[in-house]
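Trainee: Sequence and predicted structure are below.
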Amino acid sequence: MARVLPSTPPLFRRKNLWFERAMAIAALTNLGLVIFDITYLPWRDFWFRTAPAVVQQYDRVKGIEPHRDTDGYLASVQQLERALQQGGLQSALVQTQLQELRDRSDDLIQSNPFSTANKSGTLEKIKNRMRDRVVGQRRTGSSRQAFATFWSREYLAQKGVDSELTFFNTDIRPLFATNYYRSIGENGEFTDWFWLLDAPFMVLFGLEFLARTSYLSRFNRLTRLDAMLWRWYDLFLLLPFWRWLRLIPTLVRLEHARFINLTRLRVQASRGFVANISEDMAEVVVVQVINRLKDAIARGEMIRWLLETANRPYIDLNQRDELQDLATHVLQATVYGVLPKIKPDLEALMRHTIEMILNQSPAYQALKALPMVGDLPRQINERLVTEVTQGLYSAIVTALEDQAGAALISSLVKNFGQTLATELQREQSIRELQTLAIDLLEEIKVNYVRRPSEEDVEAILEATRRIGHRSRI
């Protein structure tokens, strides 16, 4: 009687599930933080507009500082606004500030301070907007000339100081504000303090990994290395690089915690994998088998095996001559099922054959030429064919239904096999058989070896699933 293993207590199962859920939530939180860190720089402009407090805090993690050139440019604009409030457009201080802004604009276009943050496109957007505002066309004209004209007393007096400064503050200033400078460490890389945020998670997952592998090696009689390979996907949680790979263990943990169900995803993934691999494997295996058979036939191994099999003493496992039973079954099916249906065809063939033989006989031709003979030769031919066919069929049926006839048939089959084996030992017959067999296998490989279709793969996978279901039952 099979030993029944004790079931896990419900309380232990609940505690284990809660632990899995807690670790899954921790992994999901860490993955979210990793994704945010990876996408922070490309999406910084979005966060700058929608959540400036987040940018203010997280810029420290990425070593981001205000850029001196662009911030100095915006500071000069603010000084111009204060000078305009104090003395108006005609004051000497305003003229000084406008000259400073023209100089800064020229340096800005020449040095491109946006390139450090990979935001050269932002500078192009600023130049296009400025040309469109001053010249009226975005893609033509000099951007330096557009800036020089914009920061001139004549232009501001003509267009209106308030409207032009409003344009700058709404369309140009936000683009300047998005620029930044990122510091570089002594190792030559950009400053990045994300590892300080990631380190507590790595420590947590590292301790959990050691505990899990210790448990697996103890209760499943595995080495520590095998237990670690069992949980190979957890190693992605410990890598300080390629952090996006943490998606794999996070999905596994969410499924173990019963937050998601990845069964359908696994089925689709395995289906695609099997479909891609089976196409190559099936063709390679079949071609290899055919090539091995061709080599075996060419070396004479197949013929020697057949001859040794024919001469080797036969071991009977069930006190039954399967070869005799098979031959008898085929013969009975032929006699009782096939011959009655093809009897008219056999009679027509025999009639045609006898007619051809008789037509070559001068006596038969002379008989047909005699007067008053008429249709008698044809009637004799029909009678002869019918009698021969019926007599042969009756003889075969009688032999099958008689014990002595069955014994004679068995002896015929046995003698036929022995005679065939003896005939195959002739060198000429062996060479001919080898040549024919090799040519046949080559034609089979060319004409019938094909890649499995998608329907074939689906059928194989469905059969595999049925086998797995029965084994679980």
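Mentor: Arrived safely, thanks for sending.
Trainee: ok, T191 - contacts?
Mentor: By Cβ atoms under 8 Å, 6 or more residues apart in numbering, the contact set of T191 is 62-63, 182-185. The C-beta positions use only the backbone N, C-alpha and C, and glycine is treated the same way.
Trainee: And stretch 113-126, end to end?
Mentor: Stretch 113-126 stretches 13 Å from its first residue to its last (Cα to Cα, to the nearest Å).
Trainee: buried residues in that stretch?
Mentor: Across stretch 113-126, burial judged by 16 or more other Cβ atoms under 10 Å covers 113-114, 117, 119, 122-123, 125-126.
Trainee: Give me the buried entries from the contacts of T191.
Mentor: Those of the contacts of T191 that meet the buried threshold are 62-63, 182, by 16+ other Cβ under 10 Å.
Trainee: Mind checking which of these are in strands?
Mentor: If you go by DSSP state E, these have R182 in strands.
Trainee: what helices or strands is the one helix or strand D345 maps to leaning on?
Mentor: Secondary structure from DSSP states H and E places D345 in helix 339-359. Contacts defined by 3 or more Cβ pairs under 8 Å, 6 or more residues apart in numbering; DSSP states H and E place helix 339-359 against helix 376-401.
Trainee: mind redoing it with 10 Å?
Mentor: Other helices and strands packing on helix 339-359, by 3 or more Cβ pairs under 10 Å, 6 or more residues apart in numbering; DSSP states H and E, are helix 362-369, helix 376-401.
Trainee: Alpha carbons of that helix, as PDB, please.
Mentor: Extracted C-alpha coordinates of helix 339-359, given in PDB (Å, rounded to 0.1, in the frame of the first residue of the first chain):
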ATOM      1  CA  LEU A 339     -11.000 -11.700 -56.100                       C
ATOM      2  CA  PRO A 340     -14.800 -11.600 -56.300                       C
ATOM      3  CA  LYS A 341     -14.700  -7.900 -57.000                       C
ATOM      4  CA  ILE A 342     -12.000  -8.100 -59.700                       C
ATOM      5  CA  LYS A 343     -13.200 -11.300 -61.300                       C
ATOM      6  CA  PRO A 344     -14.600  -9.600 -64.400                       C
ATOM      7  CA  ASP A 345     -11.300  -7.800 -64.900                       C
ATOM      8  CA  LEU A 346      -9.400 -11.100 -64.600                       C
ATOM      9  CA  GLU A 347     -11.800 -12.800 -67.000                       C
ATOM     10  CA  ALA A 348     -11.300  -9.900 -69.500                       C
ATOM     11  CA  LEU A 349      -7.500 -10.200 -69.200                       C
ATOM     12  CA  MET A 350      -7.600 -14.000 -69.700                       C
ATOM     13  CA  ARG A 351     -10.000 -13.600 -72.600                       C
ATOM     14  CA  HIS A 352      -7.700 -11.100 -74.300                       C
ATOM     15  CA  THR A 353      -4.600 -13.300 -73.700                       C
ATOM     16  CA  ILE A 354      -6.300 -16.500 -75.000                       C
ATOM     17  CA  GLU A 355      -7.600 -14.600 -78.000                       C
ATOM     18  CA  MET A 356      -4.100 -13.300 -78.900                       C
ATOM     19  CA  ILE A 357      -2.600 -16.800 -78.600                       C
ATOM     20  CA  LEU A 358      -5.400 -18.400 -80.700                       C
ATOM     21  CA  ASN A 359      -5.100 -15.600 -83.400                       C
END
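Trainee: pLDDT averaged over that helix, what's the number?
Mentor: Averaging pLDDT along helix 339-359 yields 72.
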